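Engineer: Return a 3D structure for these sequence lines:
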Amino acid sequence: MNICYRRLRPEREIDMEIKDMRAFYAIVEEGNISHAAQRLDIAQPALSRQMKRLETSLGVQLFERGSRRIRLTDAGRVLYSRVEHILGMVDGTVREITEIGSGIAGSIQLGTITTSGALLLPELISEFHRRYPQVTYQIWEAEGARILELLDNRVIEIAITRTQVDSKVYESIVLPNEPLVVVMNKDQVIGASDSEVRMEELRDTPIIIPLRWQSLFIANCRKLGFDPHILCVSDSIVQDLLLVKRGMGAAILPVSSRTLLTDGNLHYKKLVSPEMSTHTVIAWLKNRTLSSSSEHFIKLFREMFLGERAQHGDEETV
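Structural biologist: Presented below is the predicted three-dimensional model:
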């Protein structure tokens, strides 16, 4: 019996190159063709034609027409998620290859939530730049789930979040818990104690709080028999402190926030009865080889925030 195998050819030849992916990604990120063309340094009509050819090749419509701001179709959203992953893989591979034997240089891609990034990164990057001035940085800022998504898609190498991560998927460093404090204007001091504020004492106080702690704070207040007056939900710690300085209310923030704005008008007290605390997690993928610069960045993080210099004696010095 003779058996004949035939190789089936696709009905449509798909032609999509890396440059098409980068162009598509830029359009989505920028929100319109004009800004994407400027970012890519090409003419707007040429970029429009490139996307039209891509849609024709794929046989689907990627963008909803008739809107000033780019909106994706269902097919476009699927392509965007895949392109983000592919470009992350490509760029990460190029970084790993080009950095072999080149010393501590290149670029560090990291993502952070607002609260942790504002507290940790300025000091960390400043010291890292002093030691390794050739390194550059790309920083994404978003909420925790999005930061981990960027890490999974290899758009970034290092994630800074306050979410516990899966130890089967990620390597991580967890900083010790830090208490939340009540930040108040010196002319609007709350609480009978000089160093603490009982949650019940915030009953009539306008509260400014990051989204991450809003639900737990409200739940704790309700257990005490009252609904708090949430004046503002804001993940910008500096903005929160400035609102307190203006006398708008009291802010619920990590104790480390006191380092961001040195101001005699602000007064800090620990939140108690019940206490609330938080922690920061630095994470990276287990199955991914970090670039040399990112490895050294993590080592410096351990040194500065965990005091682990003796355990990582291979840290280079300038």
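
Engineer: From the contact counts, what lies against the lowest-mean-pLDDT helix or strand in the chain?
Structural biologist: Among the helical and strand segments of the chain, the one scoring lowest on mean pLDDT, DSSP states H and E is helix 74-99, with a mean of 78. With contacts defined as 3 or more C-beta pairs under 8 Å, 6 or more residues apart in numbering; DSSP states H and E, helix 74-99 has these neighbours: helix 18-30, helix 144-152. Quick note: C-beta positions are derived from backbone N, CA and C, even for glycine.

Engineer: So for Glu64, which of the ones you listed sits nearest?
Structural biologist: Across those, Glu64 has its closest neighbour in helix 18-30 (12.2 Å, C-beta to C-beta).

Engineer: Can you classify the residue lying closest to Met276 once chain neighbours are set aside by secondary structure?
Structural biologist: Distance criterion C-beta to C-beta, 6 or more residues apart in numbering; nearest residue to Met276, sequence neighbours excluded, is Leu180 at 4.3 Å. Assigned with DSSP: H, G, I helix; E, B strand; the rest coil, Leu180 falls in the strand class.

Engineer: dump the residue contacts of Leu180.
Structural biologist: Each residue near Leu180 by C-beta atoms under 8 Å, 6 or more residues apart in numbering is listed here: Trp213, Ile252, Leu253, Pro254, Val255, Leu271, Glu275, Met276, Ser277, Thr278.

Engineer: Which SSE is immediately downstream of the least confident helix or strand of the chain?
Structural biologist: The element immediately downstream of helix 74-99 (helix or strand, assigned by DSSP states H and E) is strand 107-112.

Engineer: what residues does that next one touch?
Structural biologist: 91, 95, 120-121, 135-142, 146-147, 150-151, 155-161, 291, 293-294, 297.

Engineer: Among those residues, which ones are in helices?
Structural biologist: Here DSSP state H is the test, and those give Asp91, Arg95, Leu120, Leu121, Arg146, Ile147, Leu150, Leu151, Ser293, Ser294, Phe297 as lying in helices.

Engineer: Count the residues that sit near the first one.
Structural biologist: By other C-beta atoms under 10 Å, 16 other residues sit near Asp91.

Engineer: Please apply the same query to the fourth one.
Structural biologist: Around Leu121 there are 17 other residues, counting by other C-beta under 10 Å.

Engineer: mind giving me the domain ranges of the chain?
Structural biologist: Split into domains by automatic domain parsing, the chain comes to 18-83, 103-176+280-311, 178-277.

Engineer: In this structure Ile208 contacts Gly247, no?
Structural biologist: No - under the criterion of C-beta atoms under 8 Å, Ile208 lies out of contact with Gly247, with a separation of 11.4 Å.

Engineer: And these two? Which one has more around it.
Structural biologist: Higher neighbour count among Ile208 and Gly247: Ile208, with 23 against 13, using other C-beta under 10 Å.

Engineer: before we move on, what SS does that one have?
Structural biologist: The three-state assignment at Ile208 reads strand, by three-state DSSP.

Engineer: for it, what are its contacts?
Structural biologist: Contact partners of Ile208, counting by C-beta under 8 Å, 6+ apart, are Leu231, Cys232, Ser234, Asp240, Leu243, Val244, Met248, Gly249, Ala250, Ala251, Ile252.

Engineer: hmm, try it at 6 Å
Structural biologist: By C-beta atoms under 6 Å, 6 or more residues apart in numbering, the residues touching Ile208 are Leu231, Cys232, Asp240, Leu243, Gly249, Ala251.

Engineer: what does Pro254 give?
Structural biologist: Pro254 neighbours (C-beta under 6 Å, 6+ apart): Glu178, Thr278.

Engineer: Relative to Pro210, how far out is it?
Structural biologist: Summarising the geometry, the distance separating Pro254 from Pro210, computed by C-beta to C-beta, to the nearest Å, is 9 Å.

Engineer: How about Val165?
Structural biologist: Look at Val165 and Pro210: by C-beta to C-beta, they are 20 Å apart.

Engineer: Look up the residues forming beta bridges with the residue nearest to the spatial centre of the chain.
Structural biologist: Closest to where the C-alpha atoms of the chain average out (C-alpha atoms, centre = their mean) is Thr112, at 2.8 Å. Beta-bridge pairing of Thr112, defined through DSSP bridges, involves Glu141, Ile160.
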